[in-house]
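Student: Need coordinates for the below:
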Amino acid sequence: MGNPLNLPFDPIERAHQNWERRWGASPAMAAVTSIMRAQQILIGRLDGALKPYELTFARYEALVLLTFSASGALPLGKIGERLMVHPTSVTNTIDRLERQGLVRRLPNPSDGRGTLAEITEAGREVVEHATRDLLAMDFGLEDYTAEELEEMHRSFVKLRVGFGDFPDPGSAAG
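Tutor: Sure, this is the predicted structure:
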């Protein structure tokens, strides 16, 4: 899970100041460095909370996605699309979950060559317990208010729309 650094100064702010002296102001450099550090902290905390279930956050997300599907099963390609990960990552994730007995593979009846991943009853139980633990710690974001979390979410929508993940929900086309 990692340990707090307990440094006597903020190394990102120090890097930001050094950057500004060398190359000029770059709020983007400070922001992206902060985002990357936040990701490290959150993945460590979330994976730590999920360790008793022998899950990583990536495997947890796959299980949650399967619980959201009407039948509890989805094609592997759809899982990759919804989780926004490479097909190889989906295969590895489903392999691990299958070895744990949390999902099973089935032939896809609508695609003779395709495979479905289906959550098992054990998988559903693990999702319920793990979700309670993650909710209890506000997914590692307990230091923020609901309003701050909503603003954080909204601010990253702009980045994701700009990248092309999906159309701008505020535009006429969205």
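
Student: which residues touch residue 80?
Tutor: Residues in contact with residue 80, defined by Cβ atoms under 8 Å, 6 or more residues apart in numbering, are 86, 87, 89, 90. Any C-beta I mention is one placed from the backbone N, CA and C, and that applies to glycine too.

Student: try 10 Å this time
Tutor: By Cβ atoms under 10 Å, 6 or more residues apart in numbering, the contact set of residue 80 is 62, 74, 86, 87, 88, 89, 90, 91, 93, 94.

Student: And those, which is closest to residue 124?
Tutor: residue 62 (13.1 Å; Cβ to Cβ).

Student: quick one: that closest one and residue 95 touch, right?
Tutor: No: if you go by Cβ atoms under 10 Å, residue 62 and residue 95 don't touch, sitting 11.1 Å apart.

Student: hey, what's in contact with both of those two?
Tutor: residue 103.

Student: So if I had to pick from the two, which one is more boxed in?
Tutor: residue 62 (29 against 12; other Cβ atoms under 10 Å).

Student: Secondary structure of residue 143: a helix, I assume?
Tutor: No: if the criterion is DSSP: H, G, I helix; E, B strand; the rest coil, then residue 143 is coil and not within a helix.
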